[in-house]
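Participant: Here is the input, now give the coordinates:
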Amino acid sequence: MDGSFAPNVLHPACPSRQVLHHLTSRWGALVLVALSGKTMRFSALRRAVGDVSERMLAQTLQGLEADGMVTRVAHDVVPPHVDYSLTPIGTEAAGLVRQLAAWVETRLPDILAHRESAPHKSR
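Facilitator: Residues are numbered from 1 along each chain as shown. This next block holds a predicted model:
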């Protein structure tokens, strides 16, 4: 973005769209929640998130790292190991994602009831 217009997630050329995608994608949101307040190795993070492929987790972490949300620290040991943790802005973003997740969990009974009564049931 060249600064010729203010950030606007609704504008097709605004880079905020990609950041929003990284934060709110299925895996991005779960990684942020899993890393909240902790440092984790890749394998532990994969177990915590559950049902994510190694490739997708690696891509998700790369996107969050590129956006400054996640810090990756590689240790020079054998076998190699890498720690992941949230940066200050990642911690802030994770707090917002946790708030949204808490709202979903609170409203889940209503949402599920609506799904059951909807003419075209969601999967």
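
Participant: Low-confidence ranges, the protein, go.
Facilitator: Counting by pLDDT under 70, the chain shows low-confidence ranges at 1-5, 121-123.

Participant: Tell me which helix or strand the spatially most central residue of it sits in.
Facilitator: The centroid of the chain falls nearest to Gly28 when counting by Cα atoms, centre = their mean (2.1 Å). Element membership of Gly28, judged by DSSP states H and E, is helix 26-35.

Participant: quick one: that helix to chain centroid distance?
Facilitator: Its chain's C-alpha centre and that of helix 26-35 lie 4 Å apart, by Cα atoms, centre = their mean, to the nearest Å.

Participant: mind listing what's buried in that helix?
Facilitator: Within helix 26-35, the residues that qualify as buried by neighbour count (16 or more other Cβ atoms under 10 Å) are 27-35. Any C-beta I mention is one placed from the backbone N, CA and C, and that applies to glycine too.

Participant: Make JSON lines out of those residues and add distance to Ser53.
Facilitator: Shown next, in JSON lines, are those (distance: Cβ to Cβ, whole Å):
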{"residue": "Trp27", "distance to Ser53": "9"}
{"residue": "Gly28", "distance to Ser53": "14"}
{"residue": "Ala29", "distance to Ser53": "17"}
{"residue": "Leu30", "distance to Ser53": "13"}
{"residue": "Val31", "distance to Ser53": "13"}
{"residue": "Leu32", "distance to Ser53": "18"}
{"residue": "Val33", "distance to Ser53": "18"}
{"residue": "Ala34", "distance to Ser53": "16"}
{"residue": "Leu35", "distance to Ser53": "18"}
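
Participant: Quick check: the residue nearest to the centre of the chain touching Glu65?
Facilitator: No: taking Cβ atoms under 8 Å as the definition, Gly28 is not a contact partner of Glu65, at 11.4 Å.

Participant: what sits up against the helix holding Gly28?
Facilitator: For helix 26-35, contacts defined as Cβ atoms under 8 Å, 6 or more residues apart in numbering pick out 21-23, 40, 45, 48-49, 52, 56-57, 60-61, 63-64, 69-70, 84-86, 90, 93-94, 97-98, 100-101.
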